[in-house]
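Q: Need a 3D model of the following:
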Amino acid sequence: MIRSIRGRLLVLGAVWLTVALLAAFVMIAHLLRDFITDRFDAEAAAAADSLTARIETDAAGRITLNGTPWDARFSLPLSGWYWQVDAGGVAVARSASLLDGRLEGPTDEATGAPGLGADGAPLRVMRRSFGIPGSDAPITVTVTAPVSEIRASLAQIVRPLALALAALWLGLGIATLVQVTAGLRSLDRLRDDLTRVRAGRAERLALPDVRELRPLAAEINAALDQNTALLARSRQHLGNLAHSLKTPLSALSNELPQNHAGQALLARMDRLIGWHLRRARQAGPGLLGQRSPVAPVIDDILLVLRWPMADKGMTATVTCPPDLAFAGERQDLEEMIGNLAENAVKWGASRIGIHAARQGDRLRLRIEDDGPGMAPDRAPHALVRGARLDEQGPPGAGLGLAIVADLAALHGGSLDLGCSAWGGLAATLDLPA
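A: Numbering: from 1, shown residues only. Model (predicted):
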């Protein structure tokens, strides 16, 4: 089954066009055959009328012919154009084209009956029987025309007809192709507009110039607006939920002594609440049509981290093209870069590096440090929620890398952990650009 609207329209158009033109060819050819055959029958009938008018009887009652029809075809030997006059079953006159032959057959009247000539060629036979005053013998006038000549005349007309219909089929086929292509161009434009919205180069669909597609574009724009409203509402509810849950936990933590066994349970609850709330925030891919510049996000994050970096005497190396953009929300990009940069500052010794570049339609962003690094077999464990490779290391909930990995996957990307050229950890993000 053809799974293309364009393909279906073209195939159906070609099939019906072929059927229609073949039917027209058969019908026109049949009419032409009848016309040509009738023309030959009319010529034979004219010859028979001429012979009938020339039949006479002499004083002895014998049938004679007062002259013959003038037509060169009746004089050409074995031409297929023959005539013969019989009286009482005996030939009294015949055309020169018969030579010594004779037209045999019944004496009944017939028009267009098949027959065979002296040379075995098929003939179209016209036969008339009648009587005349002064003679008791029935008279039969037979005139024939060659079937081959009828077929040749028909072929001279049918062949150009077939060529003309073939040219018409080709022309109409090209016209159908142009019509289908032009008719579906609006769908192609709608698809391109939707691609731009999804890639973040546009926020809404432009209304098509085709009346039938305007309701579809309007419904898609309404769905985009609804997506925006629902996402904003869900984030507001999540923020309220986070506040309502974390406030009682903080109060409980302040009421209990720091060395109380319940502090560990409260810390775990806080980490799990933080994880699930932040994971719920990632339930959708964000707003369609968003496009966020990368360089300003990096600058803002480094501005936030300037004091922790200053306390450790760290420097940051940044390479990022000014026009590089992420096909998604700025908040998600901040979440990913912020977690990775904060992790690099926590574990780095003296420097971190942030390098961003575009590769085709992808954004490659690498954040590295010169800290202790990570063994390759520990990388999968580091992406598990709440996991910490070193409980004695810098404080944290163990959620950052897992959140970054989930956010990257949500946008059709990935997070890869490896070794930095400085000996520390290199976290590489692959995201849509």
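
Q: How many residues are close by residue 22?
A: When neighbours are defined as other Cβ atoms under 10 Å, residue 22 has 12 of them. For glycine as for every other residue, the C-beta is placed from the backbone atoms N, C-alpha and C.

Q: cool, and the one 5 residues further on?
A: For residue 27, the neighbour count with other Cβ under 10 Å is 10.

Q: Can you tell me the element it falls in?
A: helix 5-54 (DSSP states H and E).

Q: helices and strands around that helix, which ones?
A: If you count contacts as 3 or more Cβ pairs under 8 Å, 6 or more residues apart in numbering; DSSP states H and E, helix 5-54 packs onto strand 82-87, strand 110-116, strand 122-130, strand 139-146, helix 147-199.

Q: Columns distance to residue 232 on top of those, output as a markdown table?
A: Formatted as a markdown table, these follow (distance: least, Cβ to Cβ, whole Å):
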| stretch | distance to residue 232 |
| --- | --- |
| strand 82-87 | 100 |
| strand 110-116 | 88 |
| strand 122-130 | 90 |
| strand 139-146 | 92 |
| helix 147-199 | 18 |
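
Q: Next one: residue 415 from residue 429, what distance?
A: Counting by Cβ to Cβ, to the nearest Å, the gap from residue 415 to residue 429 is 6 Å.

Q: Need the overlap of contacts for these two.
A: 404, 408 (Cβ atoms under 8 Å, 6 or more residues apart in numbering).

Q: Render the CA-only coordinates of stretch 322-338 in CSV, please.
A: What follows is stretch 322-338, C-alpha atoms only, in CSV (Å, rounded to 0.1, in the frame of the first residue of the first chain):
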residue,chain,number,x,y,z
PRO,A,322,28.4,34.1,20.0
ASP,A,323,25.7,32.8,17.7
LEU,A,324,25.5,29.3,19.1
ALA,A,325,22.0,28.4,20.4
PHE,A,326,20.2,25.6,22.1
ALA,A,327,16.8,24.3,20.7
GLY,A,328,15.0,24.4,24.0
GLU,A,329,14.2,26.6,27.0
ARG,A,330,16.9,28.7,28.7
GLN,A,331,15.9,27.4,32.1
ASP,A,332,16.7,23.8,31.0
LEU,A,333,20.0,24.9,29.6
GLU,A,334,20.8,26.7,32.8
GLU,A,335,19.9,23.6,34.8
MET,A,336,22.3,21.4,32.8
ILE,A,337,25.3,23.8,32.5
GLY,A,338,24.8,25.0,36.1
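
Q: Could you give me the buried positions within that stretch?
A: Residues of stretch 322-338 classed as buried: 324-330, 332-338 (neighbour count, 16 or more other Cβ atoms under 10 Å).

Q: Quickly note the distance from residue 169 to residue 411.
A: 51 Å.

Q: Of these two, which one has the most company?
A: More crowded of residue 169 and residue 411, by other Cβ under 10 Å: residue 411, with 22 against 17.

Q: And the closest residue to the more buried one other than its chain neighbours, what's its pLDDT?
A: Nearest in space to residue 411, with sequence neighbours left out and distances taken as Cβ to Cβ, 6 or more residues apart in numbering, is residue 328 at 5.2 Å. pLDDT, residue 328: 82.

Q: Check residue 283 too.
A: Note on residue 283: pLDDT of 47.

Q: Also compute the angle for the helix holding residue 27 relative to strand 139-146, please.
A: Orientation check (axes from the mean of the first three to the mean of the last three Cα atoms, to 10 degrees): helix 5-54 against strand 139-146 gives 140 degrees.

Q: Mind listing what's buried along the helix or strand following helix 5-54?
A: Next helix or strand after helix 5-54 toward the C-terminus (DSSP H and E): strand 55-57. Under the neighbour-count criterion of 16+ other Cβ under 10 Å, strand 55-57 has 55, 57 buried.

Q: cool, and stretch 76-93?
A: 79-87, 92-93.

Q: And stretch 402-410, by the same measure?
A: 402-408.

Q: how far out from the middle of the chain is that stretch?
A: Distance, stretch centre to chain centre, for stretch 402-410: 35 Å (Cα atoms, centre = their mean, to the nearest Å).

Q: Could I get the average pLDDT for it?
A: For stretch 402-410, mean pLDDT is 84.

Q: and what of stretch 9-20?
A: Stretch 9-20 comes out at a mean pLDDT of 89.

Q: Could I get the buried residue list for it?
A: In terms of neighbour count (16+ other Cβ under 10 Å), stretch 9-20 has its buried residues at 9-10, 13, 17.

Q: For residue 152, state which of these is nearest.
A: Distance to residue 152 across those (Cβ to Cβ) is lowest for residue 17, with 30.6 Å.

Q: wait, isn't that closest one in contact with residue 176?
A: Yes. Counting by Cβ atoms under 8 Å, residue 176 is a contact partner of residue 17 at 7.0 Å.
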